[in-house]
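Enquirer: Test case, fold it:
(chains A and B)
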Amino acid sequence: MNKTYLIFKHEFFHTIKKPGWIIMTLIVPVLALLGIGVFALVKNLSEPPEKVIQAIGYVDETAMFNEKTDQGYTKFYRFNSKDEVLQAMGRGEIGEYFMIPEDYFSTGKIYRYTLGKELGTSSATYSAIKTFLSQNLLEGKVSKETEMLIVSPINLEVTRITESGGIADEQSSLGYLLVAGVFSLMLGFSLMFGATTLISGLGEEKESRLIEILFSSVSIRQLLVGKVLALGIAGLAQVLIWLISAPFILSLASSTFGGIMNNLQLPIDFLVLGVIFFILGYLLFAVLSIGVGAISSNAREGGQLSTIYTMASFIPLWFSSLLIAFPNGAAWTVLSLIPITAPVQIMIRMGVSDIPLWQIITSIILLIISIIAGLYFSIRIFRFNMLKHGEKPGLKAIISGIKNS
Amino acid sequence: MNTIEVTNLFKSYNGKIAVNDLTFSVNPGEILGLIGPNGAGKSSTIKMMLDFIKPDSGDIKIFGQVMNESLKNHIGYLPEERGLYKKLTALDLIIYLASLKGMDKRTAKIRAEELLSETGMLENKNKKNKDMSKGMGQIIQFIVTIIHNPKLIIMDEPFSDLDPVNTEIMQNIISRMRDEGKTIVLSTHQMNKVEEICDRVLMINKGQAVLYGNVEEIKEGFRKNSVQVVADAEVGNLPGVAEQKVNKNSVELILEPEVSPQTILDRIREKGISVKRFELTTPSLHEIFLTKAAKS
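Expert: Sure, this is the predicted structure:
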């Protein structure tokens, strides 16, 4: 039987039996289910059985705001003076009040006073006060319909269309951003796990001299290609498990969260590109890890060195807020083409905007070239440094080894 | 055809010579003992034979060819240090490594159990390697080395960490393989083992061969013109004896040149002394090793 296949089979089963791999693979679906469950529970516990009417007092020095005091779940109570309203607060009748000063029509300023500690005025209170003021200002001057339009001029409905004018499958971008963000985060962690797994395995084989027994049976190329493929297929298995569980989880999220998660379905291109970039990312990191494993004097040092590129893969996530704000920036194109950052970057960008086809193809080509070149150099470095357990070669030695091995 | 042909081998690391113009060969059906002080160049020589490292110059032929991938299935290698996957069981490890030598799984399992039984390890076949003692690990590694019936076996300190019983078992297996026509290179510091089982010996010091040849012939070459005598009385002064050295249980009589041991025996008996033991003094390989290492 082909020796590369034997190495691959051994390494693959060794990887997927590791507790770390099992946890990483199951953690996404389980955490997602857990999150949905917790959200549903907290939502049920948080919602009060009856809606509470919020009472807000006000003192109007202009004497122009007397109407429209009933704003649904917020009722405004007029007081003649600051002393009166403070006494009402003292009796617990109201928790806050606002003052409309004499110079309101020239300054537009309203002063709000509240007993509660808060980061800022809640949107519900702000909206109620704004509507109260607007309706009073327009009272008797325009028709009721016009008054409503002035108070709430926009009821925006957005529909995403295709280039031919038809309705696009993907409608809710915020939901996709959430899915893309979670997916790319898991990709980053998975790449990190894969890299450390490979390095620790290589380190163990070097430290225990098992590498000598292996090399007396197989070639370096067979050994390392087997390991890289095993890690790549383990990564594929991981992402397939996530994708298989995704429709169920998304359906559950849709019915529990609603809103942005409503009727969310992953488009085919997201799935296909997700799998492609996941696999290529795994292969690239495997190849890098071989090189690092080759020059490290032990597994721990290799793990430390690997953080350089594993942390680099998270760069797109660090700048995700900027990506959301400025989705068409040149920096994102660059990050999509740099092989180390490309897998995570592409995933996030797909949740925010369309990516030009040339960028996707170029990114894939660059990844493939990096994998092949990385494997070539890693094999040569590994062969040169294979037996030097405990020693770390300098840069000159590495370059000489690549040339001569 | 020799199994191993090494010609004018040279290797240095950062200007320091590790192997210096080494030439030797190993034949089928022979055990070559590779000995030398620490840092002599034994490990470097072995690694070059196995193509782990490239020599600076010189030739190495294995089975008449330059070392290549196709030869690996015919070679068994036992490194000095224990190399086992800790979380695999003994049987799983043996089967996996045997498969890398071209054995199919079924055959490997049968053969593994035979060897485990022969070495008294069958009951430990499902034990994880991390739970094994050093000696047990050494036996497992030995089994891995020979399971695929290689034509060439290279072993570095095979008897380390083994108790006398297991040492005897392993020795018998090695001797049997030699009798079956296999070629064995055995690197060890245990001189008594080299004397017991090796046919020829190559001693390396500072990268050069300082002793090479048949073990008995080498010992014969270092034999002193002296005899070891155990008698029921002091032998006293004897004509033809240049010097006497009293040891713990015997006395060594160093003879004058041209005086034969038989003559001395006759003279002792003429004195009426009963001789319990009388043998020609032959230095051990250990003594020869120390002498050569000191001289070098």
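Enquirer: can you pull up the bridge partners for the residue of the stretch 151-296 of chain B found nearest chain A?
Expert: The minimum distance from the stretch 151-296 of chain B to chain A, using C-beta to the nearest C-beta, falls at B:I154 (8.5 Å). Just so you know, the C-beta spots here come from the backbone N, C-alpha and C atoms, and that holds for glycine as well. Beta bridges link B:I154 to B:Y77, B:V185, judged by DSSP bridges.
Enquirer: Got the domain ranges for chain B?
Expert: Following automatic domain parsing, one gets these domains for chain B: B:4-220, B:224-280.
Enquirer: which of those domains has the lowest average pLDDT?
Expert: Here the lowest mean pLDDT among those goes to domain B:224-280, at a mean of 87.
Enquirer: Quick one: end-to-end length of that domain, please.
Expert: End-to-end distance of domain B:224-280: 8 Å, with C-alpha to C-alpha, to the nearest Å as the criterion.
Enquirer: just to revisit the earlier point, which ones are touching the residue of the stretch 151-296 of chain B closest to chain A?
Expert: Neighbouring residues of B:I154 by C-beta atoms under 8 Å, 6 or more residues apart in numbering or on different chains: B:46, B:49-50, B:75-78, B:184-185, B:187.
Enquirer: Other residues contacting the helix or strand containing B:I173?
Expert: Using DSSP states H and E, B:I173 maps to helix B:164-179. For helix B:164-179, contacts defined as C-beta under 8 Å, 6+ apart pick out B:29-31, B:118-120, B:135, B:139, B:142, B:146, B:153, B:155, B:158-159, B:162, B:184, B:186, B:193, B:196-197, B:199.
Enquirer: Mind doing that once more with 7 Å?
Expert: B:29-31, B:119, B:135, B:139, B:142, B:146, B:153, B:158-159, B:162, B:184, B:196-197 (C-beta atoms under 7 Å, 6 or more residues apart in numbering or on different chains).
Enquirer: Figure out how far that helix is from the centre of its chain.
Expert: The offset between the C-alpha centroid of helix B:164-179 and the centroid of the whole chain comes to 12 Å, using C-alpha atoms, centre = their mean, to the nearest Å.
Enquirer: what does chain B put close to chain A?
Expert: Selection of chain B residues close to chain A by C-beta under 7 Å from any C-beta of the partner chain yields B:47, B:50, B:52-53, B:69, B:72, B:75, B:77, B:79, B:81-85, B:96-97, B:99-101, B:144.
Enquirer: Just the helices from the stretch 201-350 of chain A, written as ranges.
Expert: A:210-215, A:220-257, A:268-295, A:299-312, A:315-318, A:320-325, A:330-337, A:342-352 (DSSP state H, counting those that start in this stretch).
Enquirer: Compare these and report which one is nearest to chain B.
Expert: That would be helix A:210-215 among the helices of the stretch 201-350 of chain A, by C-beta to the nearest C-beta, at 3.6 Å.
Enquirer: for the record, mean pLDDT for that closest one?
Expert: The average pLDDT within helix A:210-215 is 89.
Enquirer: Tell me the spacing between A:V38 and chain B.
Expert: With distances taken as C-beta to the nearest C-beta, to the nearest Å, A:V38 is found 36 Å from chain B.
Enquirer: Quickly find the element holding that residue.
Expert: helix A:19-46.
Enquirer: for that helix, what is the average pLDDT?
Expert: 74.
Enquirer: what sits up against the next helix or strand after it?
Expert: Heading C-terminal from helix A:19-46, the first helix or strand you meet, by DSSP H and E, is strand A:54-60. Residues from elsewhere that reach strand A:54-60, judged by C-beta under 7 Å, 6+ apart: A:73-79, A:81-82, A:85, A:88, A:93-94, A:96-100.
Enquirer: Partner strands of strand A:54-60 and their direction?
Expert: Here, using DSSP bridges, strand A:54-60 pairs with strand A:74-79 (parallel), strand A:96-100 (parallel).
Enquirer: Pull the residues that contact the shortest one.
Expert: Counting by C-beta under 7 Å, 6+ apart, strand A:96-100 makes contact with A:56-62, A:65, A:85, A:89, A:110-115, A:129, all of which sit outside it.
Enquirer: All set now, cheers.
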